[in-house]
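**Student:** pasting the structure only:
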């Protein structure tokens, strides 16, 4: 399904932030903003909620830690206890390095996989972008239009008034 | 609107705009490989050939190809292993620790430093695997039930901790590096002309578009990865040092080893970063991104860690005397005055005396002196590991077992060969991947750009630039804008 988008192109992050607030205040819903680098403060301006990723990180770490301790205690303490100079089979201090490393291992890889999954990042043959300059030096504000595209002229004026250097219309498959 | 601090040196010089950054960094990726790069790659490939030949000899004829003997049964292999792992540490320090401390100057060097980490760890991993003698059985180190019985790996062994530490370190560094690369691959993809380039960089960029939500998550994930990598980088060399410290060999059995090794690792790592960066900035014309200020800052870190290492050397000696343990005392006296005195003297000169020269501003800001210094430190740190390993082993408890170590040609071939492997990987990285983190440099551009010509400390005058760095910025909008919080 293809959709019509109005694209406001901005040259500066501060102008963009200002425009995002004004466009939203004017009652227009912003589809997304594309920028070459993270613009600080845009989360609040766009109303993006604070990410819950750190909570996921904690649980990934906990999983790694529990797995590592279980693995070492089960293997050396119960499944095949090795007698090494009469020392205890479950030697917890000696298990700490591996437990720590696996905590980090699980957190990092769990976070990376979660990030790729929720952001929809995976290798693809072709990438359709709103404007190729969004990964170079332009800040692109995309606003979804209805089928007729009737609001385009009104939006052009609104975006221009808020510092957009150009306003384009683009048809994109929405994904 | 620009916020240029009057107190700080600009991090990017030459009045760069956002587009200039993309242009400068992508240029190397898009241009045809230049002659200097091809020449460097052929030298590196020659040494890679030396590496493969040495590996073939080691695997086909066995460890007997090395110069090891019954007394000195660990020598160049472990020296090289520790040396390479140590070098890797600077990359993680730059990418993780300096991110947490919000040191913005890291932006220009973190990509290449992280690449260096990954390639150094690959080189390091070669040595323990080859020392197994039968590298095809390397999977025995993982906790898989042994094919000969139901025996598991021994988790009480520091060598097994090493397996977990190095593999975690390698994979975590790789993932962290790759996530940082995704937005830059997207930049290259959106500029790519040819179908092959567009296809490859589309695959590599994972369909990154730079949407606000993706950036928000990207920053959260980077921060979390930096948070876990910081203790990780400290743990890795700690565990490497435990290979020695948990033994009962005089000269190794030292509680000071973990912090001493970590400081040494960062010390040697920054030396290697400097060596690589000084070459890269000239070859790829990145003088505006990797400025003298960056070099001076890295030199300062090298000096601090070098001084910690110096203090550790002296502490070891003091403790050997203070412990009143005869064996320990002998080990240290033998280190300094025994048959390996020259290795010890090189280590002391290279690691304790040379970094102190960095106190002089003239040395800190001098490119040729810094380059020489970084090479000397790399040599010194290699000798440090050699001294610790070989001098502690070669005088066994029984004088009849005393021996000396001399490397075989295969030992030398393997060491020089890993340098070839390292530089082959680094040169391929520098050609096909963006060597500087474009997205991150762009974030600091507005605050630290300098409009003057390429930075020259002699005539540096701090003043607010007369016109904004990014042309076409409407003058009206930002003035009324109050910072959003």
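**Tutor:** Yep, it's here. None of these values were measured; they are calculated from a predicted model. Residues are numbered from 1 along each chain as shown, chains lettered A, B, ... in the order given.

**Student:** What are the buried residues along the helix ranked longest in chain A?
**Tutor:** In chain A, with assignment by DSSP state H, the single longest helix is helix A:92-119. For helix A:92-119, the neighbour count (16 or more other CB atoms under 10 Å in any protein chain shown) marks A:94-95, A:97-112, A:114-115, A:119 as buried. All C-beta atoms are positioned from the backbone trio N, CA, C, and that covers glycine.

**Student:** what's near enough to touch residue B:174?
**Tutor:** residue B:118 (CB atoms under 8 Å, 6 or more residues apart in numbering or on different chains).

**Student:** is it fair to say it lies in a strand?
**Tutor:** No. Counting by DSSP: H, G, I helix; E, B strand; the rest coil, residue B:174 is not found in a strand; it is helix.

**Student:** sorry, back to before: return only those of the buried residues of helix A:92-119 found close to chain B.
**Tutor:** Restricting those to those within reach of chain B (CB under 8 Å from any CB of the partner chain) leaves A:94-95, A:97-98, A:100-102, A:104-105, A:107-109, A:111-112, A:115, A:119.

**Student:** so residue B:182 makes contact with residue B:208?
**Tutor:** Yes. Using CB atoms under 8 Å, residue B:182 is in contact with residue B:208, at 4.9 Å.

**Student:** Domain map for chain A?
**Tutor:** Listed by automatic domain parsing, the domain ranges of chain A are A:2-50+A:128-173, A:53-119.

**Student:** Compute the first-to-last residue distance for the shortest one.
**Tutor:** The first and final residues of domain A:53-119 sit 12 Å from each other (CA to CA, to the nearest Å).

**Student:** Now do that domain: distance to the chain's middle.
**Tutor:** 27 Å (CA atoms, centre = their mean, to the nearest Å).

**Student:** Could you list the low-pLDDT ranges of chain A?
**Tutor:** Applying pLDDT under 70 to chain A picks out residues A:1, A:149, A:174-175.

**Student:** let's go with 90 and repeat that
**Tutor:** For chain A, the stretches with pLDDT under 90 are A:1-33, A:35-53, A:75-92, A:119-175.

**Student:** Do a quick rundown of the strands in it.
**Tutor:** A:2-10, A:32-34, A:139-145, A:166-173 (DSSP state E).

**Student:** Quick check: buried residues in the longest one?
**Tutor:** Using 16+ other CB under 10 Å as the test for burial, strand A:2-10 gives A:3-10.

**Student:** Show me what that strand is packed against.
**Tutor:** Applying 3 or more CB pairs under 8 Å, 6 or more residues apart in numbering or on different chains; DSSP states H and E, we find strand A:2-10 packed against helix A:13-25, strand A:139-145, helix A:152-161, strand A:166-173.

**Student:** so can I have a markdown table of these showing distance to residue B:424 and mean neighbour count?
**Tutor:** Formatted as a markdown table, these follow (distance: least, CB to CB, whole Å; neighbours: other CB atoms under 10 Å in any protein chain shown):
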| stretch | distance to residue B:424 | mean neighbour count |
| --- | --- | --- |
| helix A:13-25 | 39 | 21 |
| strand A:139-145 | 39 | 23 |
| helix A:152-161 | 50 | 16 |
| strand A:166-173 | 42 | 14 |
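
**Student:** How about the secondary structure of the residue nearest to residue B:14 when sequence neighbours are not counted?
**Tutor:** Spatial nearest neighbour of residue B:14, excluding adjacent residues (CB to CB, 6 or more residues apart in numbering or on different chains): residue B:288 at 3.8 Å. Put simply, residue B:288 is coil when judged by three-state DSSP.

**Student:** Lovely, talk soon.
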